[in-house]
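Colleague: any chance you can model this:
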Amino acid sequence: MSETGISTVFCSWDFSNLYFSDPKLFAYRDSLGAAAFVFSRTDDTLRGLHYGGVVTNCPDQAFCADVVAQLTEYFQTEGVRSYQMRNHPFLSTIKVGTLIKEEPFVFIDLTRPSKELDAALSKQHRRCIRKADESGLKVVYSDDGRKYLNIFYDYYQARQEQMDVQPHAYAFFEQMFKSLRDHLIIGVVRQADQIFAVSLLLQDLDHVFMTYGGMSDEGYERYAKHLMVSDMMLRFKSIGFTKLVLGTGNNGKDSIFDFKRGFVNREHSVLTYGV
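Modeller: Sure, this is the predicted structure:
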């Protein structure tokens with residue numbers, strides 16, 4: 001990867017190895033530019049990373065056509081019959097195959113004026129943020145995984161089980177802190193020594209992605225996550241980040257998506273291509 005000139009964490013060994021037991025890299029270079037695709041393969045089925053696809057630093061049509069031809073030839077030679085690539089929402093990617101899925105997707109454009117960002121909040125979110133702030137909750141940030149990992153996991157695991165979703169093992173997050181330490185920020189909502197919510201944030205280029213989070217029952221009652229996202233908007237805008245990515249729901253426009261959608265007044269999608 002270091003030879004391609006593509007530096008996103010989503011095409012790094014550490015990130016790939018976290019999600020795939022045997023990650024593979026397709027890389028293509030010529031005098032015009034480079035392209036990279038991280039994937040995992042099981043028998044005749046291939047899939048890319050959560051935010052990935054064929055990332056490139058060259059939009060030239062002839063170059064992109066060459067990449068598609070080379071990758072398609074690899075698929076045919078290796079007997080790949082089906083594949084899915086969920087394309088990165090912001091980086092330049094090369095479309096391979098046909099559009100098979102379009103998911104509603106939420107991010108906050110931090111380059112917008114502060115007044116616009118504030119106006120984009122729903123009335124209900126605005127009230128929840130005010131109540132959380134007036135109740136004395138505060139948002140702090142840390143890179144000390146050892147300090148917050150246990151309480152994060154307790155909240156995260158409980159919430160996943162409530163939604164009947166299989167949680168990642170504790171060891172997964174230990175490995176995440178070990179291998180992606182330079183890219184991780186921990187957001188914490190607390191009051192004195194009591195912690196109500198913990199979120200794991202991933203930095204990539206000038207983007208911040210909310211990846212995993214956990215919150216106590218009292219945190220839900222006191223709108224801790226509303227306050228956290230509001231504070232992140234102000235903080236990351238002030239230090240030069242351009243996007244705060246909240247992501248998708250678990251199942252289309254569900255309650256999780258509705259919560260995220262309350263922070264913006266624009267519609268976006270993340271696209272999956274494949275065969």
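
Colleague: from here on, contacts and neighbour counts on C-alpha atoms
Modeller: Noted.

Colleague: which of the helices or strands spans the residue nearest the centre of the chain?
Modeller: The centre of the chain sits closest to residue 209, judged by C-alpha atoms, centre = their mean, with a distance of 4.4 Å. Taking DSSP states H and E as the definition, residue 209 sits inside strand 207-215.

Colleague: on that earlier part again, show me the beta-bridge partners of the residue nearest to the centre of the chain.
Modeller: Per DSSP bridges, the residues bridged to residue 209 are residue 202, residue 245.

Colleague: still on that earlier bit, helix or strand next in line after the strand holding residue 209, which one?
Modeller: Strand 207-215 is succeeded, C-terminally, by helix 217-221 (DSSP H and E).

Colleague: okay, that next one in PDB with CA atoms only?
Modeller: The C-alpha trace of helix 217-221 is given here as PDB (Å, rounded to 0.1, in the frame of the first residue of the first chain):
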ATOM      1  CA  ASP A 217     -30.000   3.300  30.700                       C
ATOM      2  CA  GLU A 218     -29.700   6.600  32.500                       C
ATOM      3  CA  GLY A 219     -27.700   8.000  29.600                       C
ATOM      4  CA  TYR A 220     -30.700   7.300  27.300                       C
ATOM      5  CA  GLU A 221     -33.000   9.000  29.800                       C
END
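
Colleague: from the contact counts, what lies against that helix?
Modeller: In this structure, helix 217-221 makes packing contacts with strand 194-204, judged by 3 or more C-alpha pairs under 8 Å, 6 or more residues apart in numbering; DSSP states H and E.

Colleague: run the chain-centre distance for the strand it packs on.
Modeller: 13 Å (C-alpha atoms, centre = their mean, to the nearest Å).

Colleague: show me which positions of that strand end up buried.
Modeller: Across strand 194-204, burial judged by 16 or more other C-alpha atoms under 10 Å covers 195, 196, 197, 198, 199, 200, 201, 202, 203.

Colleague: now swap in stretch 212-222 and tell me
Modeller: Residues 213, 214, 215, 216, 219, 222 are the ones in stretch 212-222 that count as buried (16+ other C-alpha under 10 Å).

Colleague: who's the third one bridged to?
Modeller: Per DSSP bridges, the residues bridged to residue 215 are residue 197.

Colleague: partners of residue 273 in the sheet?
Modeller: On the basis of DSSP bridges, residue 273 is bridged to residue 85, residue 99.

Colleague: go ahead and confirm it touches residue 88.
Modeller: No. Residue 273 lies out of contact with residue 88 (C-alpha atoms under 8 Å); the separation is 11.2 Å.

Colleague: what's next to stretch 2-12, contact-wise?
Modeller: 1, 15-16, 27, 29, 33-38, 49, 51-52, 55-57, 204-205 (C-alpha atoms under 8 Å, 6 or more residues apart in numbering).

Colleague: restricting to C-alpha, output it in PDB.
Modeller: The C-alpha atoms that make up stretch 2-12 are tabulated as PDB, following Å, rounded to 0.1, in the frame of the first residue of the first chain:
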ATOM      1  CA  SER A   2       2.800   2.400   0.800                       C
ATOM      2  CA  GLU A   3       3.800   2.300  -2.900                       C
ATOM      3  CA  THR A   4       0.400   3.300  -4.200                       C
ATOM      4  CA  GLY A   5       0.200   6.800  -2.700                       C
ATOM      5  CA  ILE A   6      -3.200   5.900  -1.200                       C
ATOM      6  CA  SER A   7      -3.100   6.600   2.500                       C
ATOM      7  CA  THR A   8      -6.700   6.000   3.800                       C
ATOM      8  CA  VAL A   9      -6.900   3.800   7.000                       C
ATOM      9  CA  PHE A  10      -9.600   1.800   5.200                       C
ATOM     10  CA  CYS A  11      -7.000   0.400   2.900                       C
ATOM     11  CA  SER A  12      -4.400  -0.300   5.700                       C
END
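
Colleague: got the buried residues for it?
Modeller: The neighbour-count criterion (16+ other C-alpha under 10 Å) identifies 4, 6, 9, 10, 11, 12 as the buried residues of stretch 2-12.

Colleague: in the stretch 1-150 of the chain, which spans are helices?
Modeller: Counting by DSSP state H, counting those that start in this stretch, the stretch 1-150 of the chain has helices at residues 13-19, 61-78, 114-120, 123-134, 145-162.

Colleague: perfect, that will be all.
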